[in-house]
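> any chance you can model this:
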Amino acid sequence: MRKRKSKIKKVPTFLSVFIVALIGTAICVGVSIYLATSLESRITTLTATTDKLGIAHESCEVGESMVQYYRELSDKTDNAISMILMIVGIFATLIVAFSVMLAFKTPKDIDEKLEEAKKAAENAKNEAKNAKYHAEILDALNVNSTHYGELTEAIRLKQITSVIEKYPNKYEAYERRRNIYINMSNRNGASDVEKRHLLQQAMEDVKKAHKCGLEKYKYYQRMGWIHSNLKEYEKSIEFFGKSIKENLDYVIAYNNRALTYNNMSKYKEALEDYKKAIELDDDNALFYYNSANTYVRMEKYEKAIKYFNKAIELDGDDTAHYNNRAFALNEMEKYEEAIEDYNKAIKLNRDNSMYYFNRANTYSKMSKYEEALDDYNKAIELDSDDARYYNNRALTYEKMGNYEKALNDYDSALEIDPNYSIDKKWLEDLREKVAQEKIEFARQAEQNNAGTPNP
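Next comes the predicted model:
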């Protein structure tokens with residue numbers, strides 16, 4: 001059954017107000033007549049009294065002052081009646097005028113109130129729809145914590161796509177799916193072909209989001225970032241420029257253009273963009289951190305330390321700040337200070353294999369090989385698929401004279417990554433050395449056994 005729409009009847013406002021005004025006027029006139037009649041009766045009485053007094057004055061010689069007093073009182077009463085009638089007339093006129101004015105104004109006010117009520121109801125309805133839409137997006141992204149890595153992103157991708165199918169004209173869901181595509185392109189093990197395909201999918205979602213309402217300056221920024229990930233740096237710089245032209249205060253566009261300039265080894269241009277970003281938002285640790293990394297690339301480690309310090313001052317819980325400052329300290333051969341920073345990074349995040357690996361490298365430079373081996377072992381325990389970890393542990397074993405273990409680690413590194421950079425001739429020499437060691441060890445063992453008497 002179709003529901004009947006309720007209609008609000010308009011009140012005949014003018015007629016109602018006019019009737020009320022008429023009744024009010026009638027009451028005022030009635031009161032006036034009553035007062036006038038009452039006062040007229042009093043005047044008649046006063047006049048008669050005055051006349052009697054006049055006669056009495058003539059016959060009984062009553063004092064002239066008393067007669068004069070009553071006549072003046074009669075005149076004042078007459079004037080009072082006239083004044084009251086005039087006031088009542090003015091009051092009645094004002095009521096009629098106000099009623100007419102109100103009658104013409106009220107319908108307009110009612111229409112305005114009705115329109116406001118309709119808009120408020122429509123807004124509430126839209127807000128409810130948006131709340132439901134955003135709740136569905138959050139549900140799509142809130143994957144059970146038992147899933148990890150690629151599986152997690154695949155589930156999110158499927159769920160957010162179902163949200164898009166339900167709300168094809170909402171840009172936020174396209175934005176979320178774009179992020180998923182980019183995250184999937186950055187995962188370890190993704191081939192170049194896979195990365196390009198995923199980034200192109202992300203680009204299509206940016207275009208769809210723009211058609212559904214994504215602001216132009218954000219659209220240009222998103223496109224610039226994807227082209228940067230595709231290593232199409234010139235196109236990336238062009239899009240970032242358009243974004244900044246649309247919104248001169250869009251700080252993310254400056255930051256991301258600077259990152260792209262870094263990838264192009266245009267460090268001066270990168271630092272100029274980071275400077276502008278800091279001017280717009282001088283409390284954002286990210287911009288100081290990125291500036292510091294640019295100075296590291298330029299091998300200006302003192303300046304890098306200065307910016308790392310500022311980043312840590314603003315955000316002392318970001319482990320990357322300590323890790324990267326430690327790298328700069330390493331390059332300055334300030335190994336003890338570097339170890340302190342790695343310690344802080346590991347204390348904040350004990351599951352990051354890279355921090356143990358970096359600290360191990362520093363211990364190795366300090367000739368603290370046992371400490372280095374402990375950290376390499378921990379790094380491999382956390383991530384056994386990184387060829388660098390085995391390679392650097394092999395270098396440490398070599399320094400300790402344990403060539404057999406070094407050779408095993410080099411072989412493990414090549415097994416993980418056959419293209420890993422290890423000098424093949426040098427590796428063959430090491431194999432020969434290990435083989436000679438085994439022969440020498442066997443000969444020594446045989447000699448020892450030959451010199452031992454039988455029991």
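
> so, low pLDDT: which residues of the stretch 51-200 of the chain?
Applying pLDDT under 70 to the stretch 51-200 of the chain picks out residues 51-82, 84-85, 88-89, 91-92, 94-111, 113, 125-127, 129-151.

> apply 50 and report the result again.
Within the stretch 51-200 of the chain, the ranges that satisfy pLDDT under 50 run 55-63, 143-148.

> show me the domain layout of this structure.
Domains of the chain are assigned by automatic domain parsing as 13-134, 351-449.

> now the last one: mean pLDDT?
Per-region confidence: domain 351-449 scores 92 on mean pLDDT.

> using PDB, list the CA coordinates for stretch 327-344.
The C-alpha trace of stretch 327-344 is given here as PDB (Å, rounded to 0.1, in the frame of the first residue of the first chain):
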ATOM      1  CA  PHE A 327      72.700   6.100  10.500                       C
ATOM      2  CA  ALA A 328      73.900   9.700  10.200                       C
ATOM      3  CA  LEU A 329      75.900   9.200  13.500                       C
ATOM      4  CA  ASN A 330      77.400   6.000  12.000                       C
ATOM      5  CA  GLU A 331      78.600   7.900   9.000                       C
ATOM      6  CA  MET A 332      80.200  10.500  11.300                       C
ATOM      7  CA  GLU A 333      81.900   7.500  13.100                       C
ATOM      8  CA  LYS A 334      80.000   8.300  16.400                       C
ATOM      9  CA  TYR A 335      79.300   4.700  17.000                       C
ATOM     10  CA  GLU A 336      78.400   4.800  20.700                       C
ATOM     11  CA  GLU A 337      75.800   7.500  20.000                       C
ATOM     12  CA  ALA A 338      74.500   5.500  17.100                       C
ATOM     13  CA  ILE A 339      74.100   2.400  19.400                       C
ATOM     14  CA  GLU A 340      72.100   4.500  21.900                       C
ATOM     15  CA  ASP A 341      69.700   5.500  19.100                       C
ATOM     16  CA  TYR A 342      69.300   1.900  17.900                       C
ATOM     17  CA  ASN A 343      68.600   0.900  21.500                       C
ATOM     18  CA  LYS A 344      65.800   3.500  21.700                       C
END
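
> what comes up buried for stretch 291-302?
S291, A292, N293, T294, Y295, V296, Y301 (16 or more other CB atoms under 10 Å). Glycine gets a C-beta too; all of them are placed from N, C-alpha and C.

> max pairwise distance over the residues you listed: which two?
For the buried residues of stretch 291-302, the maximum inter-member distance is 13.3 Å, found between S291 and Y301 (CB to CB).

> does anything pack onto the helix or strand hosting I180? Which helices or strands?
In this assignment (DSSP states H and E), I180 forms part of helix 171-185. The contact analysis (3 or more CB pairs under 8 Å, 6 or more residues apart in numbering; DSSP states H and E) places helix 171-185 against helix 64-141, helix 149-166, helix 192-211, helix 216-229.

> in terms of secondary structure, what does the shortest one contact?
Using 3+ CB pairs under 8 Å, 6+ apart as the contact test, the elements touching helix 216-229 are helix 171-185, helix 192-211, helix 233-246, helix 251-263.

> and the very next helix or strand once past the last one, which residues are buried?
Okay, so that is helix 251-263. Per DSSP H and E, the first helix or strand lying C-terminal to helix 251-263 is helix 267-280. If you call a residue buried by 16+ other CB under 10 Å, then helix 267-280 has these buried ones: Y267, A270, L271, D273, Y274, K276, A277, I278.
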